[in-house]
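[1] Predicted model and sequence below, questions to follow.
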Amino acid sequence: MKRYIVANWKLYLSVAKSVQLAQQLVRFERAQKIGRDVEVILAPSMLALSAVALVLKQARSKIKIAAQDCWIADEGAFTGATSPRELRRAGASFVLIGHSERRQHGGEDDALLAKKVAAARAAGLKIIFCVGETKEERNAGRAHSIVRGQVRGVKSEIDLLAYEPRWAIGTGLPIEPHEAAQMHEVLAKEAGNDVPICYGGSVSEKNVAQFLSLPHTNGVLIGTASSTYASLTAIISNARKLSERSLV
Ligand code: PEP
């Protein structure tokens, strides 16, 4: 089974550090012959995206680029916005939409996210759609219905689904694997079994194999641990071992 490793570099790295990490990863990819079994997708900051894309292109790398967000239109009177079409031209193949930090800090709701999904698809970007509940919603027993509701309006348009419980992001406290498995089953039923599902929320080299071994789980979305060479390559290596085992 193909595994997806989505590295969300958020606003952790400068442009220079993003380029440096991309160069190191390309060397790692070549040395380790990372290929079809693991799809590595880097999501650099907007300002670093073109430079990272150039590194990958020059190295003829199979590593893909995701933008961390996009706007609902390709051009117009939208100060500060980022055009999906220009992201595609800059080298992005994917875009993250609905990340909880955008929902939380940018006040993005389901209606706006659906417009972003439509604009990104029209521009030829593949959609990594992020969903997840708050701790209060989970404690109230509403996690499954909340997350199903987040997916419902966009499910026919997405290429990858990332389940990221909000309270597990950046806290070092991932969800219990059996709870992730329950949610992934719910999501597989809601979105259709052919949409790959990633888990995100405090994934590290120590727990990645556990999450990747769950049913209905095709990959991981990693924030903090993806921004250093040592931990990102350890995660990729662990994912590869699992893929190799599942081929045997
Ligand atoms: C994320 O940003 O989507 C994320 C999962 O972050 P972290 O791995 O740091 O929890």
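    Okay, I see it.

[2] which bits of this protein sit near the ligand?
    8, 10, 164, 169-170, 200-203, 221-225 (Cβ under 6 Å from any ligand atom). The C-beta positions use only the backbone N, C-alpha and C, and glycine is treated the same way.

[3] least trustworthy position among these, going by pLDDT?
    Ranked by pLDDT, these bottom out at residue 170, which scores 93.

[4] Looks like residue 71 contacts residue 81 (just checking).
    Yes. Counting by Cβ atoms under 8 Å, residue 71 touches residue 81, with 3.6 Å between them.

[5] more crowded one of these two?
    For the pair residue 71 and residue 81, the greater number of neighbours falls to residue 71 (20 against 15), based on other Cβ atoms under 10 Å.

[6] In contact with that one, which residues?
    Counting by Cβ atoms under 8 Å, 6 or more residues apart in numbering, residue 71 touches 78, 81-84, 116, 119.

[7] What residue in the chain comes nearest to the ligand?
    residue 223 (2.2 Å; Cβ to the nearest ligand atom).

[8] just the helices in this structure please.
    Secondary structure of the chain (DSSP state H): helices located at 15-32, 46-58, 84-90, 100-105, 110-122, 135-139, 143-152, 177-191, 208-212, 229-247.

[9] can you list the residues that contact the first one?
    If you take Cβ under 8 Å, 6+ apart as the criterion, helix 15-32 is touched by 9, 13, 34, 40, 42, 44-45, 47-48, 51-52, 55-56, 59, 61-63, 227-229, 232-233, 236-237, 240.

[10] For the residue lying farthest from the centre of the chain, give me phi and psi.
    Most distant residue from the mean C-alpha position of the chain: residue 77, 28.8 Å away (Cα atoms, centre = their mean). Backbone torsions of residue 77, given as degrees, to the nearest 10, read phi -80, psi 70.

[11] how many other residues sit next to residue 168?
    Neighbour tally, residue 168, other Cβ under 10 Å: 24.

[12] gap between the nearest residue to the residue of the chain closest to the ligand once chain neighbours are set aside and residue 76?
    What sits nearest to residue 223 in space, not counting adjacent residues and going by Cβ to Cβ, 6 or more residues apart in numbering, is residue 8, at 4.9 Å. Distance, residue 8 to residue 76, by Cβ to Cβ, to the nearest Å: 27 Å.

[13] Who has more neighbours out of the two?
    More crowded of residue 8 and residue 76, by other Cβ under 10 Å: residue 8, with 26 against 9.

[14] wait, doesn't the more buried one sit right on residue 100?
    No. Between residue 8 and residue 100 there is no contact under Cβ under 8 Å: 11.0 Å.

[15] just checking, what packs against the helix or strand of the chain with the lowest mean pLDDT?
    Counting by mean pLDDT, DSSP states H and E, the chain has its least confident helix or strand at helix 229-247, which shows a mean of 87. Contact here means 3 or more Cβ pairs under 8 Å, 6 or more residues apart in numbering; DSSP states H and E; on that basis helix 229-247 packs against strand 3-8, helix 15-32, strand 38-43, helix 208-212, strand 219-222.

[16] Which stretch among these is buried most, on average?
    Among the helices and strands packed on helix 229-247, strand 219-222 has the highest mean neighbour count (mean count of other Cβ atoms under 10 Å), at a mean of 27.
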